[in-house]
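**Student:** I need the structure of the sequence given here:
(2 chains)
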Amino acid sequence: DGGITQSPKYLFRKEGQNVTLSCEQNLNHDAMYWYRQDPGQGLRLIYYSQIVNDFQKGDIAEGYSVSREKKESFPLTVTSAQKNPTAFYLCASRSPGGNTIYFGEGSWLTVV
Amino acid sequence: AQSVTQLGSHVSVSEGALVLLRCNYSSSVPPYLFWYVQYPNQGLQLLLKYTTGATLVKGINGFEAEFKKSETSFHLTKPSAHMSDAAEYFCAVSESGGNQFYFGTGTSLTVIP
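**Tutor:** This is a model prediction of the structure:
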């Protein structure tokens, strides 16, 4: 089936650790996005990438990093510099020339 | 700059009653408008979208929305609520040809039996 796969679904991080969330899509989409969701705040854009080897910061990029070495993959690293990382993270992608983004199932990150 | 305002973070309706979720946007260019639904612990699923053409758009699960340029609104409606409609609903806007999508803060819909 075509779609966007995020893993892991649940992840626990100790303070001071970096963690990486995986996002893979087999839709042949060029653009990919990472959003953070907190209760009552909707979705906030962390990073987005329009093509391989290129990405731009969103509204809340501090404490996060990304890479886009392959069209299918857009992993997000939550670094120790992110002071409040506990949240639901959503990956999305958009087709070439398309006007709609489609989402993965999300990943929960909890700091313990 | 673009932004979205969803009036009412929580809406409760009785089963069988009309569902009305409000969305207003600001955009300096003709917008593309979207409604997404999110069930607990899941990603967002596209309900419907407006890009060009007919201003009344129909989506999945019996939902529809009307683009009203003069009111800068894109309210979501469903004539008769079902228990399975209980979820979080997000309105979003993007520019035509744009790369970024801006989301409202969401409206949680409760359906009372």
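**Student:** The most centrally placed residue in chain B sits in which helix or strand?
**Tutor:** Here the mean C-alpha position of chain B is nearest to the C-alpha of B:W35 (CA atoms, centre = their mean), at a distance of 3.5 Å. Applying DSSP states H and E as the criterion places B:W35 in strand B:31-38.
**Student:** Next to chain B, which bits of chain A? Give me the list.
**Tutor:** By CB under 8 Å from any CB of the partner chain, the residues of chain A that approach chain B are A:4, A:6, A:31, A:33, A:35, A:40-43, A:45, A:48, A:50, A:58, A:90, A:92, A:94, A:99-106, A:108. Where you see a C-beta, it was placed from the backbone N, CA and C, and this is true even at glycine.
**Student:** Just the ones of the residues you listed in strands?
**Tutor:** Taking DSSP state E as the definition of strands, the residues of chain A next to chain B contribute A:4, A:6, A:31, A:33, A:35, A:42-43, A:45, A:48, A:50, A:90, A:92, A:94, A:101-103, A:108.
**Student:** For the residue nearest to A:K71 when sequence neighbours are not counted, list the residues it contacts.
**Tutor:** For A:K71, ignoring the flanking residues on the chain, the nearest one in space by CB to CB, 6 or more residues apart in numbering or on different chains is A:V52 at 5.4 Å. Listed by CB atoms under 8 Å, 6 or more residues apart in numbering or on different chains, the contact set of A:V52 reads A:R68, A:E69, A:K70, A:K71.
**Student:** cool, and A:G42?
**Tutor:** Here A:G42 is in contact with B:F90, B:F103, B:G104, B:T105, B:G106 (CB under 8 Å, 6+ apart).
**Student:** Alpha carbons only: can I get stretch A:62-75 in PDB?
**Tutor:** What follows is stretch A:62-75 as a C-alpha-only set of coordinates in PDB (Å, rounded to 0.1, in the frame of the first residue of the first chain):
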ATOM      1  CA  GLU A  62      15.200  25.400  17.300                       C
ATOM      2  CA  GLY A  63      16.400  22.200  18.900                       C
ATOM      3  CA  TYR A  64      15.500  20.000  15.900                       C
ATOM      4  CA  SER A  65      17.500  18.900  12.900                       C
ATOM      5  CA  VAL A  66      16.600  17.000   9.700                       C
ATOM      6  CA  SER A  67      18.200  15.500   6.600                       C
ATOM      7  CA  ARG A  68      16.900  14.600   3.200                       C
ATOM      8  CA  GLU A  69      19.400  12.300   1.500                       C
ATOM      9  CA  LYS A  70      16.700  10.300  -0.300                       C
ATOM     10  CA  LYS A  71      13.400  11.300  -1.800                       C
ATOM     11  CA  GLU A  72      11.600   8.700   0.300                       C
ATOM     12  CA  SER A  73      13.000   9.600   3.700                       C
ATOM     13  CA  PHE A  74      12.900  12.700   5.900                       C
ATOM     14  CA  PRO A  75      14.100  11.800   9.500                       C
END
